[in-house]
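**Q** below are the sequence and a predicted model for it; my questions follow.
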Amino acid sequence: MDRTQRLALAATVWAATSCTMIGGGRAPGPSVPPPGGGVTAEDVAAVDAIPDAIPRAEPPSRTGNMAQYEQSGGVYTVLDTSEGYDERGVASWYGEPFHGRRTSSGETYDMYGMTAAHRTLPLPSYVEVTNLANGRSVVLRVTDRGPFHDPDRRIIDVSYTAAVKLGMVGTGTAAVRVRALEPYQRRRAN
């Protein structure tokens, strides 16, 4: 399925869900879909057709890979490598308010892609995110910085598509394990 077909499919899913996208940790007080999650079995099946990210070696992003940065009152140190990263915490998701905007890596955010935001992993990096409540997993490409809302608990923001696959759209958040995948990425070129 090419990008145009994937976007058309995702737009159909979006229209069918008739739900309000949440800020997924980017802003306080996100709205959530109606009770039951607002996502039908057909929606989940359509989104499941969008493949996970495929890990591959990539050069470090030209932007977003500074040694340290400040955001929302916090100071964050970007890891030199994704190797060995394995953490449990809370995932949130971000959608429509950020769709089409520039990410920290300089790419355009696509809420229907298999991407994520992380505060300290090198950009890009590949991670496996597992919902600890239901065992569902996805492979995502980290291209953005965040979440900055509730940083003591939230460790990753995932795209809308990833949230559907993980079964967390209705709740807005989920307890997850985030594990970096090979080939491990570096903050700077060697």
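**A** Ah, there it is. Residues are numbered from 1 along each chain as shown.
**Q** please enumerate the strands of the chain.
**A** 68-71, 74-77, 86-93, 115-117, 125-131, 137-144, 154-158, 173-180 (DSSP state E).
**Q** pull out the buried residues from the first one.
**A** Residues of strand 68-71 classed as buried under the neighbour-count rule (16 or more other Cβ atoms under 10 Å) are Tyr69. (Each C-beta comes from the backbone N, C-alpha and C, glycine too.)
**Q** mind exporting the C-alpha coordinates of that strand to PDB?
**A** Provided in PDB are the C-alpha atoms of strand 68-71 (Å, rounded to 0.1, in the frame of the first residue of the first chain):
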ATOM      1  CA  GLN A  68      20.700  18.900  26.100                       C
ATOM      2  CA  TYR A  69      17.600  21.000  25.700                       C
ATOM      3  CA  GLU A  70      15.000  22.800  27.800                       C
ATOM      4  CA  GLN A  71      11.300  22.400  27.300                       C
END
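**Q** for that strand, the distance to its chain's centre please.
**A** Between the centre of strand 68-71 and the centre of its chain there are 20 Å (Cα atoms, centre = their mean, to the nearest Å).
**Q** strands paired with that strand, and their directions?
**A** Its sheet considered, strand 68-71 pairs with strand 74-77 (antiparallel) by DSSP bridges.
**Q** ditto for the fifth one
**A** Partners of strand 125-131 in the sheet, by DSSP bridges, are strand 137-144 (antiparallel), strand 173-180 (antiparallel).
**Q** could you do the fourth one as well?
**A** Each strand paired with strand 115-117, and its direction, by DSSP bridges: strand 137-144 (parallel), strand 154-158 (antiparallel).
**Q** neighbouring contacts of that strand?
**A** Applying Cβ atoms under 8 Å, 6 or more residues apart in numbering, the contact partners of strand 115-117 are 53, 94, 103-104, 109, 127, 129, 140-147, 156-159, 162.
**Q** next: the first one.
**A** Where contact means Cβ under 8 Å, 6+ apart, the residues beyond strand 68-71 that reach it are Val75, Tyr76, Thr77, Val78, Arg119, Arg145, Phe148.
**Q** most packed of the strands paired with strand 125-131?
**A** strand 137-144 (a mean of 24; mean count of other Cβ atoms under 10 Å).
**Q** got a list of contacts for stretch 130-141?
**A** 52-55, 88, 91, 113-116, 124-129, 158-159, 162, 165-168, 174-177, 179, 181.
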